[in-house]
Structure formats: C-alpha cells, structure tokens
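[1] Fold the following.
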Amino acid sequence: MNGGPEPMSTAARRALEQELADLRTERATVAATLRGGEQVGDRADEADELQRGTDLDHLDTRIAEIDGRLREADAAGSPSTDKIGVGSTVKVRFADATETTIRISEFPEALDLTLVTADSPLGSALLGHRAGETVTYDAPGGRTTAVVLSVGDESVQ
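    Okay, the predicted model is just below:
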C-alpha cells in the first residue's frame, strides 16, 4: 500500500457498507440503554453503565474508521487494470499450472477463498506488477512463483 488513497473492490465496499450498517444499528441499541446523567443504582448498575459507555466508544471508533476508508476509496477511484494494487482482481497461474482469479484486499473477509490480503506473502509479491510478469513469494511449502495472466475487474469465481 502506498500511503495514499487506495482503491477498493466492489465486493470489499459491499462488505464494509454492510458492517457499517450493522454497527450503526448496534450503536443505536447501546445508546438507547445509557441513562445519560441519571442516577444509577448500585455498583453493579454503575459497572454496567460504564461498560456500555466503553462499548459505545469502540463502536464510534470503528464507524469512523469505516467511514474514512469508504471516503478514501471514493477519492482513489476504481482499481487499476494496468498495475496490481489494493482492490485489483488478478488472474494468476501458479507453479503447479493451476490458474485462478483472486482479489487483492487490505483486510480479510470471512469465508472468501478468492481474496488475498495485500500484506500476505502472495499479495505483497503481486503489488505493483503487471500482466505477463512472474512473482516469487514464500508459500507454506517453500518459495514458489506465480505468473500474472491478467489484471482487471474480471468476475471472481
């Protein structure tokens, strides 16, 4: 990642927008339980109130992070189809001749087997490369290679 605004794939945007909606719903629920200056009962009630306040702070922090990341992605525009970066969809051929299409993301998404994070060995090896180039990276079985077949917004299967 280059430190500037990073593009985001459509799937990653959808996932973040869904997380944001869920967080806002959860925040509204937690906020509704706060007494807002009213006298709390015993120490257990006071502890519960403090915990809900802490929970609200954590929710607000994550909401702000997601809002910022979505604004950054808007400023960055669409992922490049020339050079691999965060948000790119890439078709690769591995050393064992298998081919697959993957997405490069800045964070993992549960149950998405087509996603590679930008800080993973393969993801970081691919960043900045173009179609036709070969990258070398450390895999669980040792050092290996992958050839970049194409870069673009192809459908991930």
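[2] Sheet-wise, list the partners of the longest strand that the chain contains with their directions.
    The residue-count maximum for a strand in the chain (DSSP state E) belongs to strand 142-152. According to DSSP bridges, strand 142-152 forms sheet pairs with strand 89-94 (antiparallel), strand 134-139 (antiparallel).
[3] Turn these into TSV, columns for mean neighbour count and mean pLDDT.
    The C-beta positions use only the backbone N, C-alpha and C, and glycine is treated the same way. Below are the strands paired with strand 142-152 laid out as TSV (neighbours: other Cβ atoms under 10 Å; pLDDT from 0 to 100):
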stretch	mean neighbour count	mean pLDDT
strand 89-94	20	93
strand 134-139	14	94
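[4] Please convert the ones you listed to TSV, extending it with distance to residue 19.
    Supplementary listing: the strands paired with strand 142-152 in TSV, determined by distance: least, Cβ to Cβ, whole Å:
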stretch	distance to residue 19
strand 89-94	21
strand 134-139	29
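[5] For residue 71, find the nearest of these.
    Smallest distance to residue 71 across those (Cβ to Cβ): 22.4 Å, for strand 89-94.
[6] Flag every buried residue along the longest strand of the chain.
    Within strand 142-152, the residues scored as buried using 16 or more other Cβ atoms under 10 Å are 144, 146, 147, 148, 151.
[7] Can you point out the buried residues in whichever strand or helix holds residue 54?
    Using DSSP states H and E, the element containing residue 54 is helix 43-76. Neighbour-count burial for helix 43-76, counted by 16+ other Cβ under 10 Å, picks out 49, 52, 55, 56, 59, 63, 66, 69, 73, 76.
[8] Format the residues you listed as a markdown table; extra columns: distance to residue 133 and pLDDT.
    Output for those, formatted as a markdown table (distance: Cβ to Cβ, whole Å; pLDDT from 0 to 100):
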| residue | distance to residue 133 | pLDDT |
| --- | --- | --- |
| 49 | 57 | 83 |
| 52 | 52 | 89 |
| 55 | 47 | 93 |
| 56 | 48 | 94 |
| 59 | 43 | 95 |
| 63 | 39 | 95 |
| 66 | 33 | 90 |
| 69 | 28 | 84 |
| 73 | 26 | 80 |
| 76 | 23 | 72 |
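[9] out of those, who's nearest residue 42?
    residue 49 (11.1 Å).
[10] Give the residue spans of the protein that score low on pLDDT.
    Scanning the chain with the threshold set as pLDDT under 70 gives 1-6, 9, 35-41, 77-81, 109-113, 153-157.
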